[in-house]
Every structure is written in structure tokens, then in C-alpha cells.
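> Provided below are the primary sequence and the corresponding predicted coordinates.
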Amino acid sequence: MERYILSLDEGTTSARAIIFDRESNIHGIGQYEFPQHYPRPGWVEHNPEEIWEAQMRAIKTAIEHAKIEPNQIAAIGVTNQRETTIVWDKSGRPLYNAIVWQCRRTAEMVEEIKREYGNPIKEKTGLVPDAYFSASKLKWLLDNVPGLRKKAEKGEVLFGTVDTFLIYRLTGEHVTDYSNASRTMLFNIKKLDWDEELLELFDIPEEVLPEVRESSEVYGYTKKELLGAEIPVSGDAGDQQAALFGQAAFETGMVKATYGTGSFILANTGKMVRYSENLLTTIAWGLKGKVSYALEGSIFVTGAAVQWLRDGIKIIKNAAETEELATKLESNEGVYFVPAFVGLGAPYWDQFARGLIIGITRSTGREHLARATLEAIAYLTRDVIEEMEKLVGIKELRVDGGATSNDFLMQFQADILNRRVIRPVVKETTALGAAYLAGLAVDYWGGLDEIKSLWKVEKVFEPKMDEETRERLYRSWKEAVKRAMGWAKVVGS
Ligand SMILES: Nc1ncnc2c1ncn2[C@@H]1O[C@H](COP(=O)(O)OP(=O)(O)O)[C@@H](O)[C@H]1O
Ligand SMILES: O=P(O)(O)OC[C@H](O)CO
């Protein structure tokens, strides 16, 4: 009987389930979007039940497509949108909507904390204090959901990021892995434990916290009534760390960029905990008794800006149309778009920046906006790579995620970075990384060397742009960013 690995990739906008074989071929995919809830400007929520439903439908579709029986699944790996904060009770019932990583409701709270505790927080967690991370979101829930804090103190509330919620529903175990824990801003990445001082600072009762485990080990078995089989759940990593693993970027200095709702650039730094003022230090994974670290540049809005062109101002029908529109122009004709919808992440960390389109003239059309959106994704990536370069040498960039199917974007990225951009055959690198982690735990794959041999190049984008053009474009971008920064403060919201 042929055996497979099932990977659950629960992203910001959709839940995916993918079935891989030993050669990392895909046999079945299920993918369902779920609603985004915006109760106030700058607030973003998901309904955990809607996430669960989309995830379960995706699993069932993937199994059907692959034409396999659940008992042919050797193991399940889970990977997830990170930081998004959920609280639920022991029966698995959510006690509020999930507060999504993009949500800005705690920006002011964090601004205050940052003034006094910015340095110790960075030292302990590797993170730049920001509403992005789970700590302030969990505090908000405990302070604002009637009765929640009391219940939590009685040990009746469980907290977790989305991996933890899914694994709890699948197996009944309340666990997370090092990579996800390192995004809560409550976890000490050197001591590898929840940090008592931070728990006190954010007023978080210890009872709510999950147990932190390695990224590749059996956490539990799926409840029989869910899939008709008791399958080990044995891989767990935040989606960006999983993508780094799926890109087989196991050596120090290897870098990947994932272009999804946001973009996330991670450089493996191995055993070294490297600090950069404007980047995050994070745990890549815990594997076979060792923890690997990474430097990360998190860009909050990239693909989401393309979605906004489609669903917000409705100037395109689908994301791929941006390529067709952008290539109608020889250049951006001076139009820049800074998609700071929820502030700016790395390397600016400005919670109060807001989106800006500049350089509009009477002849500006939708092709300019499409091009400016794609260019912005590439400039934002260069902003991060420039910071990273101060600490690690970067020769090339391995890329993945939805927007990498856009050849204009990939070529422009190579041009603006003046570096090779390499797109692998398997673009579902996030799901693949979680599959590898799950498979390694049950000896489905022999080890990292076998996984390295499975990584294959689909296309290399070589830089072609002359230096003068490249630097002129990038300088103008930096000017546009300056004009977007702090805007929410100017208008008082
Ligand atoms: N051809 C394309 N050009 C530009 N952006 C694209 C293209 N295809 C998809 N995208 C963008 O990529 C994102 C989807 O990528 P995906 O990796 O599925 O994201 P996530 O995991 O964050 O949900 C969407 O935001 C979409 O707008
Ligand atoms: O859902 P994605 O793929 O955009 O990833 C979101 C990140 O994990 C947020 O930190």
C-alpha cells in the first residue's frame, strides 16, 4: 500500500490541504477561502469555526483528489498563518473571534510598552515590539471579553496560534512548536521557555499557554471520528519557517522569500542568535534536539495589495492580470504605491504609516496602478534584503508563494535586487516544509540530505537592469515611503 503525507497549510486567506509522496510530488489539493472580518478600520478577525470548516473541507477534497484512503496517510504536518491569536475552552469552542496578525487594535498599547520595555523584549524574544505579535492581542482578549480573565485564571481557557487550535481539534493535545511560540512575544528564544517577566508584563496567566515542542515529533493522533483513521500529527511550524524548510534552506546564510498576503524573507542563521535593529530574530525550527534560528523581514501587505486592486477598487478581475497590465508600460512613469494598509513592518516598523499612491497624472490608468503594486512588492523586499546584508552575505533568493507565478514581478525583483531569483518546481513550499517535518518524525524520509536532493529549480531570473535605472527607481521608492510614514497620526486615527 502506497503511503503519503498530508500537509495542512492554514494561511491568512485560505486553508489548503496537500498530499505529497516520497518524491515530493503532489497527489491531491484542497483549498477553500474563508471570510475576513473587519469590524473597525485597522481591525482584522477570523472566525475560528470558519477556519476549521475550510480546513476540514480542504482535507476531504485533497483525499478525494488523490484517490486514497485516510489510512494511507503516514503522518500529518500543520503549518499556519502565525501570531493570529485564538482562545477556546476545553471542549474546543472558540471564546472570541481570532485576532489576526494584521490587526492593529493594540497599536497604542504596544507603543506604550515599547517605550520602557523595547530593549528587554528584543533581547528575550528577538522581536521588535509591535501589535503584529500575539502578546498584546491575548492581553486585549483577556481584558475585553467579558468573564474571560476569570475563566482563564480557573484554568478553563486555552490560548494558541492557529496551529495549536487545529492540533487541539484534531488530537485533543494543547501544544505548539518552537517556531510558532517564538512569534508570541512571550517566549524566551534563548532559554527556550515562556518568559515569566513577559507574562507578568502582559498580565497573562500561565494556565492558558500550550506546551512547546519540537517542530518534528508526534504530538498526538487524529480523533477517529474526523477522518476515519487515527493518523499521527507529527509536524508543526509557522508558515514562513515551514517555507524555509521546504526550500531545503538548511545551511547558514540561505535565504528565501515567500510572496503571499504579505511577504516574508528569512535567512537561516543556524545555531547563531543574530540581532538586527530592524529585523526579527526568530526560531526557524526545533529538530532532533537542536534549535535553528533565522533572521526575518516581515512585510505585512504585498499580495493583499493585489487583492485590493481586485476586490477593493475592482480594477482587475484576477491577480494574474496585473502582469499583463504592468508589461503594457515601458516604465512606472513616476507612479509609486506604498501599500502600508496596516502600517509598515520590516525594516520601518511604523504602526502609523498608511497606504499612499503618488505621482498620479491625468494619464495615469489601471496599468500604472498594477505596475506600481508589483514594483512595490519588489522594493519592499529589497528594503529587507539591504538590512539582512549587514549581517549575512546574500547571493541569491529562493522564492515561493502565490505571487511568484508572476514573471514580471520575479524579473523586476531580480533587477531591483541585482541578484538571481530562483523559483523551484514545487511552489507549495510552505506545505512541503510541514510535510517534511511530519515525515521526518515517522521516518517517511531518511533525513535532511534526502530532502535536499528533492529540491529542484524551475526557473532562474537573472538581473538585467542597468545600475543607474535601478538606483534611480529605488531612490524614488524611498522618498514615497517617507511620505507614507506616520500618516495615521497626522489624521488622528
Ligand atoms: N499572478 C499573480 N500576480 C500577483 N499576485 C498574485 C498572483 N497570484 C496570486 N497573487 C497574490 O498572492 C496571494 C496568494 O498567495 P498565497 O501564497 O496563496 O497566500 P496566503 O498563503 O497568504 O493566503 C494573494 O494575495 C494574491 O493576490
Ligand atoms: O498567511 P500568509 O502566508 O500570508 O502568512 C502570514 C504570516 O505567517 C504572518 O506572520
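The structure has been received and is ready for your questions. Ligands and ions are numbered 1, 2, ... in the order given.
> Residue ranges in the stretch 301-450 of the chain under the pLDDT threshold?
Within the stretch 301-450 of the chain, no range satisfies pLDDT under 70.
> Does residue 385 lie in a helix or a strand, and which?
Residue 385 is part of helix 366-389 when elements are defined by DSSP states H and E.
> in its sheet, what does the following helix or strand past that helix sit against?
For helix 366-389, the following helix or strand on the C-terminal side (DSSP H and E) is strand 396-400. Strand 396-400 pairs in its sheet with strand 255-259 (parallel), strand 420-424 (parallel), by DSSP bridges.
> In CSV, could you pull the C-alpha coordinates for the last one?
In CSV, the C-alpha atoms belonging to strand 420-424 read as follows (Å, rounded to 0.1, in the frame of the first residue of the first chain):
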residue,chain,number,x,y,z
ARG,A,420,19.4,35.9,-9.1
VAL,A,421,15.9,34.9,-8.1
ILE,A,422,15.3,31.2,-8.2
ARG,A,423,11.9,29.7,-8.4
PRO,A,424,11.7,25.9,-7.6
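> got the angle for it vs helix 366-389?
Between the axes of strand 420-424 and helix 366-389, defined by axes from the mean of the first three to the mean of the last three Cα atoms, to 10 degrees, the angle is 100 degrees.
> can you check the first one too?
For the pair strand 255-259 and helix 366-389, the angle between their directions (the same axes, to 10 degrees) equals 150 degrees.
> Pretty sure residue 269 sits in a helix.
No. Counting by DSSP: H, G, I helix; E, B strand; the rest coil, residue 269 is not found in a helix; it is strand.
> Excluding covalently adjacent residues, which one is nearest to it?
residue 293 (4.9 Å; Cβ to Cβ, 6 or more residues apart in numbering). Every C-beta, even on glycine, is put in place using the N, C-alpha and C of the backbone.
> Which element, helix or strand, includes the one you found?
Counting by DSSP H and E, the element that carries residue 293 is strand 290-299.
> Kindly report the residues of the protein close to ligand 2.
Applying Cβ under 6 Å from any ligand atom, we find that the chain lies next to ligand 2 at 11-12, 81-83, 101, 238-240, 260-262, 298.
> Which one (most neighbours) among those?
The most crowded member of the residues of the chain next to ligand 2, judged by other Cβ atoms under 10 Å, is residue 238 (34 neighbours).
> Backbone dihedrals for that residue, both of them.
phi -60, psi 150 (degrees, to the nearest 10).
> Let me see the backbone angles for the closest residue to it other than its chain neighbours.
Computed as Cβ to Cβ, 6+ apart, the closest residue to residue 238 that is not its neighbour in sequence is residue 82, at 4.0 Å. Phi and psi for residue 82, reported as degrees, to the nearest 10, are phi -90, psi 170.
> from what I can see residue 82 touches residue 183, true?
Yes. Under the criterion of Cβ atoms under 8 Å, residue 82 makes contact with residue 183 at 4.5 Å.
> Now list whatever residues contact both of the two.
Common neighbours of residue 82 and residue 183, counting by Cβ atoms under 8 Å, 6 or more residues apart in numbering, are 161, 238.
> ok so, going back, list the helices and strands the strand holding residue 293 packs on?
Applying 3 or more Cβ pairs under 8 Å, 6 or more residues apart in numbering; DSSP states H and E, one finds that strand 290-299 makes contact with helix 239-246, strand 263-270, strand 280-287, helix 366-389.
> Quick check: which of these is buried the most?
helix 239-246 (a mean of 32; mean count of other Cβ atoms under 10 Å).
> Tell me if that one is near ligand 1.
No. For helix 239-246 and ligand 1, the contact criterion (Cβ under 6 Å from any ligand atom) is not met; the two come no nearer than 6.7 Å.
> which other helices and strands contact that helix?
strand 73-80, strand 255-259, strand 263-270, strand 280-287, strand 290-299, helix 429-441.
> Adjacent strands (with direction) for the first one?
Same thing as strand 73-80. strand 4-10 (parallel), strand 232-238 (parallel).
> Many thanks, have a good one.
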